[in-house]
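Asks: just coords:
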């Protein structure tokens with residue numbers, strides 16, 4: 001839940017600014033200068049992303065050293081500590097404690113998302129892999145929606161309750177700290193890294209129920225047989241591993257494409273659209289809840305249908321719908337003052353864009369990331385793509401206001417072009433991973449050469465080490 005404190009921060013921005021000003025008066029007998037207040041607020045907002053980036057960069061090392069379950073377990077101590085620091089900030093009369101707390105919240109979120117996603121990916125049985133792997137975005141959006149709801153002035157969004165609102169994340173972390181020891185380590189980690197076959201079988205029975213899991217063990221051993229070793233790769237080792245370059249390049253392009261799809265910009269621009277549509281400031285938070293609910297519905301839809309529709313089809317369909325929504329939104333924003341009903345159409349298109357984002361990129365890219373990476377590569381690869389994700393969030397948030405000022409609603413045409421480029425890239429290069437083992441997926445990627453399927457005979461094509469990809 002700590003990864004959604006941005007929602008709670010948005011709900012309390014006026015109270016926090018007032019608190020900073022009052023603290024400044026108590027210390028220096030003068031109101032805080034406007035430039036200083038703006039700087040402190042910007043730091044309060046951005047330091048969460050910086051912490052997330054740091055947590056992402058450290059995730060690979062912690063996973064290699066302690067494993068996924070233990071890393072996630074002790075990571076909760078960061079969230080609990082951050083919760084206590086932020087919760088006591090008003091009592092202590094220190095706005096610096098908010099900065100420190102949000103920084104620790106960011107580290108917790110960056111590390112936790114990496115570890116949690118990989119843990120889910122490795123405990124999921126093949127037939128439910130899409131459903132379980134895509135459940136993470138459902139809970140992410142649910143946490144965001146929960147933060148929006150309790151941030152209302154009818155709940156905890158008040159001048160007296162805001163420190164407690166920003167500390168709510170610690171409750172979820174405490175619950176996870178207590179319950180995680182009850183869960184086993186992941187079967188791939190037990191078998192491939194710790195060489196504990198009996199422990200792997202026990203974990204499979206505990207996670208997937210009693211039954212014959214010899215086929216699952218055979219798939220894992222087959223994965224191990226096509227690799228040089230069973231250890232978790234470091235960043236430099238991953239960069240030198242030629243057989244994993246196609247997967248890594250595709251993931252990087254998809255993550256950049258998701259950031260450049262305009263989702264962060266839409267969230268930023270939505271409030272301006274609401275105001276132009278005549279929505280009063282008192283009612284805008286309720287529309288924000290509607291946006292959060294819309295994204296959560298999209299991720300739920302993705303979870304329910306990803307194993308039926310397939311990853312590639314769902315991603316291509318949603319990207320197409322997002323592009324259409326964005327094109328129509330640009331038109332309606334250009335006609336904003338011509339007809340009274342046009343602003344309402346803009347609001348509907350914003351909701352549609354966010355819904356389709358939840359159905360496609362929000363859930364599918366996470367599933368694909370887990371499925372196309374082998375056990376040894378996941379930790380370092382996730383460190384790379386999550387770092388790109390946090391950096392993209394920071395950069396888009398920084399430059400988008402200037403883009404709006406310079407280009408107005410036509411700035412969305414840039415994002416539309418990025419969506420089109422992402423659609424073409426996914427169509428050409430991403431193989432369908434539904435129902436396939438990691439060995440089968442690796443063989444699919446081994447056939448990629450310069451954007452074409454390389455056929456060198458059925459026997460040669462089945463051996464990744466015999467096929468070199470000059471493009472990647």
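Replies: Cool, got the structure. Keep in mind it's a predicted model, so treat the numbers as computed, not measured. Numbering: from 1, shown residues only.
Asks: all strands for the stretch 301-450 of the chain, in order.
Replies: 448-449 (DSSP state E, counting those that start in this stretch).
Asks: got any ranges where it has weak pLDDT?
Replies: Along the stretch 301-450 of the chain, segments meeting pLDDT under 70 span 447-450.
Asks: one more time with 90, if that's ok
Replies: By pLDDT under 90, the low-scoring segments of the stretch 301-450 of the chain are 304-305, 307-310, 333-344, 346-347, 362-363, 366-367, 369-412, 414, 431-450.
Asks: ranges for the helices of it?
Replies: 311-334, 342-359, 361-372, 378-407, 412-429, 438-446 (DSSP state H, counting those that start in this stretch).
Asks: so for residue 260, which of those helices sits nearest?
Replies: Nearest to residue 260 among the helices of the stretch 301-450 of the chain is helix 412-429; the distance by CB to CB comes to 3.9 Å. To be clear about C-beta, it is placed using only N, CA and C from the backbone, and glycine gets the same treatment.
Asks: list the helices and strands the closest one packs on?
Replies: Contacts defined by 3 or more CB pairs under 8 Å, 6 or more residues apart in numbering; DSSP states H and E place helix 412-429 against helix 245-259, helix 311-334.
Asks: got those as a markdown table, with distance to residue 18 and mean neighbour count columns?
Replies: Converted to a markdown table, these look like this (distance: least, CB to CB, whole Å; neighbours: other CB atoms under 10 Å):
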| stretch | distance to residue 18 | mean neighbour count |
| --- | --- | --- |
| helix 245-259 | 33 | 20 |
| helix 311-334 | 33 | 20 |
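Asks: out of those helices, nearest to residue 395?
Replies: helix 245-259 (8.2 Å).
Asks: neighbouring contacts of the closest one?
Replies: 238, 361, 365, 368-369, 372-373, 377, 381, 384-385, 388-389, 392-393, 396, 418-419, 421-422, 425-426, 429-430, 445-446, 448, 469, 471-472 (CB atoms under 8 Å, 6 or more residues apart in numbering).
Asks: show the buried residues in those residues.
Replies: 238, 361, 365, 368-369, 372-373, 377, 381, 384-385, 388-389, 392-393, 396, 418-419, 422, 425-426, 429-430, 445-446, 448, 469, 472 (16 or more other CB atoms under 10 Å).
Asks: next helix or strand past the helix or strand hosting residue 14?
Replies: Using DSSP states H and E, residue 14 falls within helix 13-28. Scanning forward in sequence from helix 13-28 by DSSP H and E, the next helix or strand is helix 34-66.
Asks: identify each buried residue in that next one, please.
Replies: 40-41, 44-64.
Asks: low pLDDT regions in the stretch 51-200 of the chain?
Replies: Those would be 52-53, 57, 59-70, 72-74, 113-114, 116-166, 168-169, 172, 180-200, if you go by pLDDT under 90 across the stretch 51-200 of the chain.
Asks: need the helices for it, in chain order.
Replies: Assigned by DSSP H, counting those that start in this stretch, the helices in the stretch 51-200 of the chain fall at 68-87, 89-92, 96-123, 129-133, 135-150, 162-165, 169-179, 187-188, 197-208.
Asks: can I get the helices and strands packed on helix 412-429 in a markdown table with distance to residue 24?
Replies: Listed next are the helices and strands packed on helix 412-429 as a markdown table, based on distance: least, CB to CB, whole Å:
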| stretch | distance to residue 24 |
| --- | --- |
| helix 245-259 | 36 |
| helix 311-334 | 39 |
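Asks: closest to residue 120 out of these?
Replies: Using CB to CB, the helices and strands packed on helix 412-429 put helix 311-334 closest to residue 120, at 15.7 Å.
Asks: elements contacting the closest one?
Replies: helix 284-309, helix 342-359, helix 361-372, helix 412-429.
Asks: and among these, the most buried is which?
Replies: helix 361-372 (a mean of 26; mean count of other CB atoms under 10 Å).
Asks: centre of the chain versus stretch 61-73, how much separation?
Replies: 19 Å (CA atoms, centre = their mean, to the nearest Å).
Asks: sorry, wrong one. I was asking about stretch 25-36.
Replies: Centre to centre, stretch against its chain (CA atoms, centre = their mean), the figure for stretch 25-36 is 37 Å.
Asks: do the same with stretch 333-353
Replies: On the basis of CA atoms, centre = their mean, stretch 333-353 sits 28 Å off its chain's mean C-alpha point.
Asks: what comes into contact with that stretch?
Replies: The contact list for stretch 333-353, computed with CB under 8 Å, 6+ apart, reads 262-263, 266, 270, 273-274, 276-278, 287, 290-291, 294, 321-322, 325-326, 328-329, 332, 408-410, 412.
Asks: ok, stretch 317-332 next?
Replies: Outside stretch 317-332, the residues within contact range by CB under 8 Å, 6+ apart are 261-262, 309, 342-343, 345-346, 349-350, 352-353, 356-357, 359-361, 364, 409-410, 412-413, 415-416, 419-420, 422-423, 426.
Asks: for stretch 211-221, same thing?
Replies: 125-126, 187-188, 191-192, 197, 200-201, 204-205, 208, 375, 437-439.
Asks: 7 Å instead?
Replies: Surrounding stretch 211-221, the residues in contact under the criterion CB atoms under 7 Å, 6 or more residues apart in numbering are 188, 191, 192, 200, 201, 204, 437, 439.
Asks: now stretch 367-385
Replies: 56-57, 59-60, 63-64, 114, 117-118, 121, 129-130, 133-134, 188, 192, 223, 227, 230-235, 238, 244, 247-248, 251-252, 255, 306, 311, 433, 438, 441-442, 445.
Asks: gap between the two ends of it?
Replies: 13 Å (CA to CA, to the nearest Å).
Asks: then stretch 159-179?
Replies: 34 Å.
Asks: do the same with stretch 335-349
Replies: So stretch 335-349: terminal residues 14 Å apart, CA to CA.
Asks: which other residues reach stretch 37-54?
Replies: 5-6, 9, 16-17, 20-21, 95, 98-99, 102-107, 109-110, 387, 390-391, 393-394.
Asks: run the last query once more with 8 Å
Replies: Residues from elsewhere that reach stretch 37-54 (CB under 8 Å, 6+ apart): 3, 5-6, 9, 13, 16-17, 20-21, 32, 95, 98-99, 102-110, 387, 390-391, 393-394, 397-398.
Asks: report pLDDT for residue 454.
Replies: pLDDT for residue 454: 39.
Asks: with residue 460 instead?
Replies: pLDDT, residue 460: 40.
Asks: likewise for the one 10 residues further on?
Replies: The predicted local distance difference test score for residue 470 is 39.
Asks: do residue 3 as well
Replies: Residue 3 is given a pLDDT of 45.
Asks: try residue 464
Replies: Listed pLDDT for residue 464 reads 42.
Asks: quick check: residue 113 touching residue 386?
Replies: Yes - under the criterion of CB atoms under 8 Å, residue 113 makes contact with residue 386 at 6.5 Å.
Asks: identify the contacts common to these two.
Replies: Residues touching both residue 113 and residue 386 (CB under 8 Å, 6+ apart) are residue 56.
Asks: leaving out the residues flanking it, which one is nearest to residue 66?
Replies: Excluding its sequence neighbours, the residue lying closest to residue 66 (CB to CB, 6 or more residues apart in numbering) is residue 74, at 7.5 Å.
Asks: oh sorry, the question was meant for residue 68
Replies: residue 119 (4.5 Å).
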